[in-house]
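**Q** Show me the folded form of this:
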Amino acid sequence: MAERSASSGRSPETHVIDYRAAERLLDARDPRGAVKLLDRVIAAHPENTAARLLRARAFFAAAQLRPAELEFTIVLEREPDNAFAHFALARTYERAGRPEQAVRHFRLAAALDPNPEYLAAARFDD
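**A** Reported below is the predicted structural model:
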């Protein structure tokens, strides 16, 4: 018999299914639906950084910038070398009209990963 999650009464397998379904919903441009599924996953597994990163992306896609910022920040507290999380947080700050904070995280992303998109956004030539 599958072990049940104490906080939700759902099996760990169900949380994996919810996570994968949330990925598909985000790809299908239904970020709010993805957030709902990820809320359950994170309630049962608050330490799951991958679920938090996906939820941050969903919040960003839904133009919920403050929740996106909070989730990206949690991810970066756990994984300070996550270049994508720095880049996504920078995009969040940029969209929120906070360019100074955005540039800092664009540059951190580019320093961690010389991805051409990160390097272009970092504007090292400025």
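
**Q** number of nearby residues for Phe59?
**A** Applying other CB atoms under 10 Å, we find 24 residues neighbouring Phe59. In this view, the C-beta of every residue, glycine as well, is placed from N, C-alpha and C.

**Q** from memory it sits against Pro67, does it?
**A** Yes. At 4.3 Å, Phe59 counts as touching Pro67 under the criterion of CB atoms under 8 Å.

**Q** all helices in the chain, in order from the N-terminus.
**A** 12-27, 31-44, 49-61, 65-78, 83-95, 99-112, 116-122 (DSSP state H).

**Q** any idea of the mean pLDDT in the second one?
**A** With pLDDT averaged residue by residue, helix 31-44 scores 97.

**Q** what's the angle between it and helix 49-61?
**A** Helix 31-44 and helix 49-61 meet at an angle of 150 degrees, taking axes from the mean of the first three to the mean of the last three CA atoms, to 10 degrees as the criterion.

**Q** Can you name the residues in contact with helix 31-44?
**A** Identification of contacts with helix 31-44 by CB atoms under 8 Å, 6 or more residues apart in numbering yields 5, 7-8, 10, 15, 18-19, 21-23, 25-26, 48, 51-52, 54-55, 57-62, 64.

**Q** Are any of those residues buried, and if so which?
**A** By neighbour count, with 16 or more other CB atoms under 10 Å, the contacts of helix 31-44 hold 5, 10, 15, 18-19, 22-23, 25-26, 48, 51-52, 54-55, 57-62, 64 as buried.

**Q** Just to check, His86 is in contact with Val103?
**A** No. Taking contacts as CB under 8 Å, His86 lies outside contact range of Val103: 11.3 Å.

**Q** Between those two, which is the more surrounded one?
**A** His86 (26 against 18).

**Q** list the contacts for the residue nearest the centre of the chain?
**A** The centre of the chain sits closest to Leu53, judged by CA atoms, centre = their mean, with a distance of 2.5 Å. Applying CB under 8 Å, 6+ apart to Leu53 gives the contacts 71-72, 75, 82, 84-85.

**Q** Save the residues you listed as CSV, and put in pLDDT and neighbour count too.
**A** Listed next are those as CSV, based on pLDDT from 0 to 100; neighbours: other CB atoms under 10 Å:
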residue, pLDDT, neighbour count
Glu71, 98, 29
Phe72, 98, 29
Val75, 98, 23
Asn82, 98, 20
Phe84, 98, 17
Ala85, 98, 28
